[in-house]
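In: return atomic coordinates for the entry below.
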Amino acid sequence: MHQLIASFLFQNKTCPLPGLGTLYISTGNSEANFSNKSFSAPSTTITFENKENDAGSFLDYVAAKTNQTVLQSIETLSQFCKGLKSSTIANNPATLHGVGEFFSDASGNIQFKSNQLPAVFLQPVIAERVIHPQAEHTILVGDKETTNTVMTEYYTEVPVKKNRWWIWSVVLGAIALLAILIYYNSTSANAMLGNCISIQ
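Out: As a prediction, this is how the structure comes out:
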């Protein structure tokens, strides 16, 4: 019965124990460890309430696993729970293997102390970041929804092919100006205005 209670509890997060109460599993939050690129396992605790819940699904589970009828499983479970309760009332802790231990406090109320889960169930999960550079996804820019490809095109500078035709025109103009200056320097200053003959 110990194994059946433990397996049903871990599968369904709750397990009713007729005449005793109900066991619950509560799961805490996982924590991210960015330096190790991992997520720690969420903390899990088993709690006990004296309030009884409907045990129909658990009785069906016990009947299926033990090849008994539902009436036989009711009797088996009732005897087991009575044994736990009577042991606890007599100030003898009653151990539920793999789950925890029932005991009575100073007022005679039944209390429960859960077992520490095995470390194999609390292994961290490695979280490597996967980047798909070609995948398109929507992003929110300010109050406008757009896609990553549109934003990539927006911020990518298109190299402008510079037109340098004016350099050649400046060079040719400078050569022409130089040729004109050389021409005028090689002729006499008076010949600039036409054919001149000196009169004596």
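
In: which strand or helix spans Leu23?
Out: Secondary structure from DSSP states H and E places Leu23 in strand 21-27.

In: what's the mean pLDDT across that strand?
Out: Mean per-residue pLDDT for strand 21-27: 84.

In: who are the contact partners of the residue nearest in space to the middle of the chain?
Out: Nearest to the mean C-alpha position of the chain, counting by CA atoms, centre = their mean, stands Ala127 at 7.5 Å. With contacts defined as CB atoms under 8 Å, 6 or more residues apart in numbering, Ala127 is in contact with 32, 37-39. Using the backbone N, CA and C atoms, a C-beta is placed for each residue, glycine as well.

In: do you know the pLDDT at it?
Out: 77.

In: what does it show for phi and psi?
Out: Main-chain dihedrals, Ala127, degrees, to the nearest 10: phi -130, psi 90.

In: from Ala179, how far out is it?
Out: 75 Å (CB to CB, to the nearest Å).

In: now do stretch 17-29: distance from first to last residue.
Out: 27 Å (CA to CA, to the nearest Å).

In: export the contacts of Ala127 as TSV, with columns for distance to Pro16 and secondary structure.
Out: Converted to TSV, the contacts of Ala127 look like this (distance: CB to CB, whole Å; DSSP: H, G, I helix; E, B strand; the rest coil):
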residue	distance to Pro16	secondary structure
Ala32	36	strand
Lys37	41	coil
Ser38	36	strand
Phe39	32	strand
